[in-house]
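> Below is the structure, and that's it, no one-letter string:
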């Protein structure tokens with residue numbers, strides 16, 4: 001058995017160094033970032049037993065006083081057309097005045113230069129291994145923005161995944177790339193990925209010595225790299241092609257997810273539906289790659305990943321109570337084309353157990369399939385915690401049954417809590433206030449909320465900020481007490497408003513009041529300063545209320 005080490009060695013200890021370990025089967029056993037020689041030795045020493053071969057991305061032998069080494073000149077002659085020329089190394093540079101750091105690290109690990117410690121160059125190796133026309137530009141340079149660096153690094157990681165069996169440590173790196181907001185965060189991952197490439201080059205050199213080229217000589221330094229003209233066959237893999245295409249389109253999907261979230265937010269706000277949060281996301285490239293590669297009985301679960309994986313775009317709507325889950329689902333069904341609708345809470349209950357509860361819809365937005373999860377805040381808390389424990393943590397086998405019981409107990413308790421929250425809201429709706437706030441100069445949001453709960457007992461609860469917003473409009477109409485508001489609403493024909501608006505969803509209390517005020521005050525309501533941002537929408541609604549426009553179809 002042979003162990004293969006990869007070291008993407010920084011020329012100075014102040015910068016991060018990536019280290020990686022592959023086993024004889026090309027399985028990634030370790031990857032991390034360190035800085036000092038002591039840390040490198042500590043990270044790799046546990047694996048440096050038995051037969052060891054290391055690929056080190058750093059000069060190991062430098063004896064020339066200026067210019068480039070022969071190895072660098074020869075390699076650059078072959079790879080310059082791919083933009084894969086090397087940087088010059090010479091003893092005139094402080095880093096090499098007293099020998100090389102690469103040689104010192106090799107000695108610490110008990111390796112012999114040119115025999116068990118090989119100098120490698122990832123840029124050239126990647127070009128040769130994968131038949132690239134140009135190098136992957138994942139390293140920071142002027143003019144390369146975060147999106148470009150991320151897409152190139154993702155592509156590199158995808159190539160690595162096609163030849164190396166990765167694991168949890170690698171998944172964390174993929175997640176870090178997907179979530180990076182600064183270039184420096186990508187740099188930390190980049191060093192570690194390069195280390196895996198170095199280890200793979202060592203593995204490849206050991207398995208395919210006839211496909212390797214050595215540049216330079218033992219006295220002045222040798223760089224080894226896979227030979228041009230013998231790329232590994234990854235281009236014909238349909239899964240890899242799908243992953244590459246998904247990675248290429250991922251920035252566009254991120255923008256599409258943001259637009260989808262904005263649209264759903266607008267739909268729910270317009271209807272007066274109460275919710276806690278609405279979040280949109282595009283499935284991460286690493287997550288897509290993992291799902292696209294899943295098999296069952298030796299067959300791919302998703303033969304055409306780009307078409308078969310339906311959660312590439314996802315939205316999550318978190319409500320306060322269960323009734324609002326139904327309201328959101330109904331509203332989206334009326335406003336959007338629904339491709340699928342599943343109540344996983346009902347499925348769990350039908351099996352006579354407590355557990356995961358969420359409404360899952362697949363809708364079409366801008367011609368794309370979007371998966372929408374709708375659940376209460378308590379259902380969301382249970383689902384997130386359970387997922388983290390079961391899938392991101394490690395549950396000892398001896399505690400598995402106990403954890404199952406405790407999760408089931410928690411699910412049952414949360415279902416009861418959801419029922420109590422609904423009962424509290426229903427009681428508030430039924431309890432109209434007895435003249436609260438009649439003496440004040442204006443109606444407070446809390447007073448208005450309690451009043452509307454009695455006025456529109458069948459209406460959904462609206463968002464807290466919406467009560468504040470519409471309470472601020474009332475003084476502009478000369479309404480400063482609940483008595484005055486009651487008089488205004490008595491003068492409106494609620495049945496006529498319902499008929500003209502033809503609601504196809506349960507409108508919230510604030511939306512009901514909004515329509516009543518629009519019906520009663522007409523153009524005066526349109527002219528309020530705080531309504532300026534929604535004037536076109538209000539104008540359309542006023543036309544419906546007056547019978548001047550067909551009722552909405554959804």
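Here it is on my side, so go on. None of the values given here were measured: they were computed from a predicted structure.
> pretty sure residue 340 is in a helix, no?
No. The assignment for residue 340, made by DSSP: H, G, I helix; E, B strand; the rest coil, is strand rather than a helix.
> Do you have the helices of the stretch 401-550 of the chain handy? List them.
For the stretch 401-550 of the chain, applying DSSP state H, counting those that start in this stretch gives helices covering 445-455, 464-473, 482-490, 494-501, 509-521, 523-526, 535-545.
> any chance of those in a markdown table, plus mean pLDDT and distance to residue 282?
(Glycine included, C-beta is placed from N, CA and C.) Putting those into a markdown table (pLDDT from 0 to 100; distance: least, CB to CB, whole Å) gives the following:
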| stretch | mean pLDDT | distance to residue 282 |
| --- | --- | --- |
| helix 445-455 | 82 | 36 |
| helix 464-473 | 86 | 28 |
| helix 482-490 | 88 | 45 |
| helix 494-501 | 87 | 35 |
| helix 509-521 | 91 | 31 |
| helix 523-526 | 92 | 38 |
| helix 535-545 | 89 | 29 |
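> Please name the residues that touch the closest residue to residue 54 other than its chain neighbours.
Here the nearest residue to residue 54 in space, its sequence neighbours aside, is residue 5; by CB to CB, 6 or more residues apart in numbering that works out to 3.9 Å. Taking CB atoms under 8 Å, 6 or more residues apart in numbering as the definition of contact, the neighbours of residue 5 are 19-21, 44, 47-48, 52-55, 109, 198-199, 202.
> So in terms of bridging, what pairs with residue 5?
When assigned by DSSP bridges, residue 5 has beta-bridge partners residue 21, residue 54.
> Just checking, which helix or strand of this protein averages the lowest pLDDT?
Lowest mean confidence among the helices and strands of the chain (mean pLDDT, DSSP states H and E): helix 344-350, at a mean of 59.
> Out of the helices of the stretch 401-550 of the chain, which is closest to residue 218?
When the helices of the stretch 401-550 of the chain are compared by CB to CB, helix 464-473 sits nearest residue 218, at 73.4 Å.
> sorry, back to before: determine which stretch of the helices of the stretch 401-550 of the chain is the most buried.
helix 509-521 (a mean of 23; mean count of other CB atoms under 10 Å).
> Run through the neighbouring helices and strands of it.
Other helices and strands packing on helix 509-521, by 3 or more CB pairs under 8 Å, 6 or more residues apart in numbering; DSSP states H and E, are helix 445-455, helix 464-473, helix 482-490, helix 494-501, helix 523-526, helix 535-545.
> Report the buried residues of stretch 139-154.
Under the neighbour-count criterion of 16 or more other CB atoms under 10 Å, stretch 139-154 has 139, 149, 150, 151, 152, 153, 154 buried.
> and residue 75, what element?
Secondary structure here is read from DSSP states H and E; on that basis residue 75 sits in helix 70-79.
> Give me the average confidence score over that helix.
Within the predicted structure, the mean pLDDT of helix 70-79 is 95.
> So what's the gap between it and the chain middle?
41 Å (CA atoms, centre = their mean, to the nearest Å).
> Which residues outside whichever helix or strand comes after it are in contact with it?
Secondary structure here is assigned by DSSP H and E; on that basis, the next helix or strand after helix 70-79 toward the C-terminus is helix 101-108. Counting by CB under 8 Å, 6+ apart, helix 101-108 makes contact with 7, 9, 11-13, 37, 40-41, 54, 56, 58-61, 95, 112-113, 117, 119, all of which sit outside it.
> Quick one: buried ones out of the residues you listed?
Those of those that meet the buried threshold are 7, 9, 11, 37, 40, 54, 56, 58-61, 95, 113, 117, 119, by 16+ other CB under 10 Å.
> so who does the nearest residue to residue 195 once chain neighbours are set aside touch?
Spatial nearest neighbour of residue 195, chain neighbours left out: residue 18 (3.4 Å); criterion: CB to CB, 6+ apart. By CB under 8 Å, 6+ apart, the contact list for residue 18 reads 6-8, 31-33, 190-196.
> And residue 524, by the same measure?
residue 477.
> And stretch 280-299, end to end?
End-to-end distance of stretch 280-299 (CA to CA, to the nearest Å): 31 Å.
> pretty sure residue 90 contacts residue 73?
No. The criterion here is CB atoms under 8 Å, and residue 90 misses it with residue 73 at 12.0 Å.
> ok, which stretches of the chain are strands?
Counting by DSSP state E, the chain has strands at residues 2-8, 17-22, 28-34, 51-56, 117-119, 212-217, 221-226, 277-282, 295-296, 299-300, 313-319, 337-343, 359-365, 368-376.
> nearest to residue 495, of those?
Comparing the strands of the chain by their distance to residue 495 (CB to CB), the top pick is strand 313-319, with 28.8 Å.
> Residues contacting that closest one from elsewhere in the structure, which ones?
The contact list for strand 313-319 (CB under 8 Å, 6+ apart) reads 253, 256-257, 260-261, 264, 268, 274-283, 325, 328, 365, 368-377, 380.
> on contacts alone, who are the packing partners of the longest helix seen in the chain?
In the chain, taking DSSP state H as the definition, the longest helix is helix 238-271. Contacts of helix 238-271 with other secondary structure elements, assessed using 3+ CB pairs under 8 Å, 6+ apart, are made with helix 146-163, strand 277-282, helix 285-292, helix 305-308, strand 313-319, helix 322-335, strand 359-365, strand 368-376.
> Can you add mean pLDDT and distance to residue 483 and give these back as TSV?
Supplementary listing: those in TSV, determined by pLDDT from 0 to 100; distance: least, CB to CB, whole Å:
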stretch	mean pLDDT	distance to residue 483
helix 146-163	87	58
strand 277-282	91	37
helix 285-292	78	57
helix 305-308	88	61
strand 313-319	91	33
helix 322-335	84	30
strand 359-365	91	41
strand 368-376	90	36
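> Of the ones you listed, which is nearest residue 475?
Between residue 475 and the helices and strands packed on helix 238-271, the shortest separation by CB to CB is 29.5 Å, and it involves helix 322-335.
> which of the residues in that closest one are buried?
322-329, 331-335.
> Next, the angle strand 359-365 makes with it.
Regarding helix 322-335 and strand 359-365, their directions subtend 30 degrees when assessed with axes from the mean of the first three to the mean of the last three CA atoms, to 10 degrees.
> from the middle of its chain, how far away would helix 322-335 be?
Using CA atoms, centre = their mean, we find the averaged C-alpha position of helix 322-335 to lie 25 Å away from the chain's own average C-alpha position.
> returning to that earlier point: other residues contacting the helix holding residue 75?
Residues outside helix 70-79 that contact it (CB under 8 Å, 6+ apart) are 68, 84-89, 119, 121, 123-124, 127, 213, 215-217, 220-223, 225, 228.
> Buried only: go through those residues for me.
Among the contacts of helix 70-79, those classed as buried by neighbour count (16+ other CB under 10 Å) are 68, 84-86, 88-89, 119, 121, 123-124, 127, 215-216, 221-223, 225.
> Run a quick neighbour tally on residue 245.
Counted with other CB atoms under 10 Å, the burial measure for residue 245 works out to 12 neighbours.
> which residues does it contact?
For residue 245, the residues meeting the contact criterion (CB under 8 Å, 6+ apart) are residue 306.
> Can you point out the buried residues in stretch 45-55?
47, 48, 52, 53, 54, 55.
> got a list of what the second one touches?
With CB under 8 Å, 6+ apart as the criterion, the residues that contact residue 48 are 3, 5, 109, 110, 111.
> measure residue 307 to residue 292 for me?
Counting by CB to CB, to the nearest Å, the separation of residue 307 from residue 292 is 11 Å.
> Which of these two has more residues huddled nearby?
A direct count of neighbours by other CB under 10 Å for residue 307 and residue 292 places residue 292 higher, at 22 against 10.
> That one contacts residue 244, doesn't it?
No. Between residue 292 and residue 244 no contact is recorded; they are 10.8 Å apart, counting by CB under 8 Å.
> excluding its backbone neighbours, what's nearest residue 205?
residue 212 (5.0 Å).
> meant to ask about residue 474, not that
Take residue 474 and drop its neighbours on the chain: the residue closest to it by CB to CB, 6+ apart is residue 443, 5.9 Å away.
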